[in-house]
Structures are given as structure tokens and as C-alpha cells.
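Asks: Fold the following, please.
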Amino acid sequence: MTDLSKVKATFADLERITGLTFRTVRERLKDVAPVCFNGKSDFYLLADAIPALYRANRNEKELVTIEEIRARTRNWHLTADRSEIKKDLESGKLYQVDEVHRTLDRMLLSFKTRLESIPSRIAAIDGDDYFLRMEQAEKIVDEALMEINHDAIRMSQAEDAGADNQAGEADPTPFRQ
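Replies: Next up is the predicted model:
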């Protein structure tokens, strides 16, 4: 959860979060010192600004709790994410859900196979020197992890090339890269 004592907001941000007008925000924040200035706007800590905004408010119906402020802030971020996804969809930066499922299935199968091969490869190590055997076992695990990484990269590149050839055939539900 976001720590409100560290979140900075401008007048415009406080308007959106609280639903108050710019004039009301400006009047009620007269006694609160801004924490920084970016050349255009003063920034206020939410933990200082919210109590100041509602201290002067005597109407009980308009009181807003910290939970409501957090909910409004989450909604504000979700709206921004939605518009970013819409922009990505229009620019073609999204994958089809079926393509993502196929790629993940192949990657997980490769991952499982590589991991299951590690114990048998380690069991084949023989010798009396414990530290030499441990070094060889670590080398086997490192090699398996590198193979998993290379498989994942190779599969994702193959899927990217295949997606260009099969555009429009899969489920139209988008998934971000």
C-alpha cells in the first residue's frame, strides 16, 4: 500500500483526488508549505495537504477518509493505465492472448524439462573429493539455467516472427508486451 506521507501532489492532482475546486484547494492550503517546486507547480505532501483541505470543511457529508483518497488515487492510476493500453493497442504494441498462451506453454514445458534433467546429471558425478563434486554440481545447475534462458529467448523471438506472419488469426483480446 502507498505510504501517503511520501506522496507529492500538485493543486491539479489534489483537485482530481478530492473533487474540490482549484480555488478551494488554493484557499485551504494557504498555511501548508510546499515541499518542492518543479518550475511550474508547487508540490505538497498528501499527508499534510489532506488534513488541511478538510479541516476547514464543516459539512460532514463532504468529509473524505484516507481510504477514499487511496481509492480515488488507485482509480486515477487505473485510468492512466487504461489509456496507455488503448494507445498501445492502436499502435500495434500488443500481442494476441492465444499467442501469449502458446509461448508461455512452450517456455514452461522447456523449463520443466531442463529442471527435471538436473538431478540425473548431478547423480552421474563421481569422485572422492567433495568440493570438486560440489563445483561440478554448481556448474551443471548454472548450465541448465543458461539453457533455460536461451530457450526462452529463442522461443520468444520465434513467436515474434510467427506473429507477424499470422496477424489477425488469433483471439482478438490484447495482452501487453
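Asks: Could you use CA atoms for every contact and neighbour count after this?
Replies: OK.
Asks: quick one: the helices in the protein?
Replies: 11-18, 22-28, 46-55, 66-91, 97-123, 130-165 (DSSP state H).
Asks: roughly how far out does the fifth one sit from the chain middle?
Replies: If you compare the mean C-alpha spot of helix 97-123 with that of the full chain, they lie 25 Å apart, counting by C-alpha atoms, centre = their mean, to the nearest Å.
Asks: Likewise for the fourth one?
Replies: A distance of 12 Å separates the C-alpha centroid of helix 66-91 from that of its chain, computed with C-alpha atoms, centre = their mean.
Asks: Please parse the chain into its domains.
Replies: In terms of domains, the chain is parsed into 8-89, 93-176 (source: automatic domain parsing).
Asks: Adding mean pLDDT and mean neighbour count as columns, could you present the ones you listed in JSON lines?
Replies: Output for the domains of the chain, formatted as JSON lines (pLDDT from 0 to 100; neighbours: other C-alpha atoms under 10 Å):
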{"stretch": "domain 8-89", "mean pLDDT": "75", "mean neighbour count": "15"}
{"stretch": "domain 93-176", "mean pLDDT": "77", "mean neighbour count": "14"}
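Asks: would TSV of the helices of the chain with distance to residue 38 be doable?
Replies: TSV is the format used below for those (distance: least, C-alpha to C-alpha, whole Å):
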stretch	distance to residue 38
helix 11-18	13
helix 22-28	18
helix 46-55	17
helix 66-91	21
helix 97-123	41
helix 130-165	41
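Asks: so who does the residue nearest to residue 115 when sequence neighbours are not counted touch?
Replies: Nearest residue to residue 115, sequence neighbours excluded (C-alpha to C-alpha, 6 or more residues apart in numbering): residue 144, at 7.2 Å. Applying C-alpha atoms under 8 Å, 6 or more residues apart in numbering, we find residue 144 in contact with 114, 115, 118.
Asks: ok, the last one - contacts?
Replies: Translated: residue 118. Applying C-alpha under 8 Å, 6+ apart, the residues contacting residue 118 are 140, 141, 144.
Asks: what about it, distance to residue 150?
Replies: Distance of residue 118 to residue 150, given as C-alpha to C-alpha, to the nearest Å: 16 Å.
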